[in-house]
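Student: Using only what follows, build the 3D model:
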Amino acid sequence: MTRAVAERLNLSLEEFHRQSRERIPLGRLGTPEDIFSVSTFLCSEDSAYASGQIRCLNGRRAS
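Tutor: Got it, this is the predicted structure:
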């Protein structure tokens, strides 16, 4: 997915990733494990009281 975006922006994949990391407060791209841990929680009984929540997985700390 990122390769196609980089190509549209006429950037190398490495340069696109570098620029992306600079805009993410945590300083790194998300991983499948980052998504997995949140989705596992939302599918578990631990999230039974959560309702109508929007979870943004964007590398920003919650305020």
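Student: Any regions of this structure where pLDDT drops low?
Tutor: Within the chain, the ranges that satisfy pLDDT under 70 run 61-63.
Student: now the helices for the chain?
Tutor: 2-8, 13-23, 32-42 (DSSP state H).
Student: so how many other residues sit close to the spatially closest residue to residue 17 that is not a sequence neighbour?
Tutor: Closest residue to residue 17 apart from its sequence neighbours, by Cβ to Cβ, 6 or more residues apart in numbering: residue 29 at 6.4 Å. Quick note: C-beta positions are derived from backbone N, CA and C, even for glycine. Residue 29 sits with 12 neighbouring residues when counted by other Cβ atoms under 10 Å.
Student: go on, residue 46?
Tutor: Residues near residue 46, counting by other Cβ under 10 Å, number 10.
Student: now swap in residue 33 and tell me
Tutor: Residue 33: 8 neighbours (other Cβ under 10 Å).
Student: Enumerate every residue touching residue 27.
Tutor: Going by Cβ atoms under 8 Å, 6 or more residues apart in numbering, residue 27 touches 21, 59.
Student: before we move on, back to that, okay if I get the helices of the chain as CSV plus distance to residue 48?
Tutor: CSV is the format used below for the helices of the chain (distance: least, Cβ to Cβ, whole Å):
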stretch, distance to residue 48
helix 2-8, 35
helix 13-23, 35
helix 32-42, 10
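Student: ok, back up a step: who's in contact with the residue nearest to residue 17?
Tutor: 17, 20, 21, 59.
Student: Quick one, which of those residues are buried?
Tutor: Buried members of these, scored by 16 or more other Cβ atoms under 10 Å, are 20, 59.
Student: Make JSON lines out of the contacts of residue 29 and add distance to residue 36.
Tutor: Shown next, in JSON lines, are the contacts of residue 29 (distance: Cβ to Cβ, whole Å):
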{"residue": "17", "distance to residue 36": "21"}
{"residue": "20", "distance to residue 36": "20"}
{"residue": "21", "distance to residue 36": "21"}
{"residue": "59", "distance to residue 36": "16"}
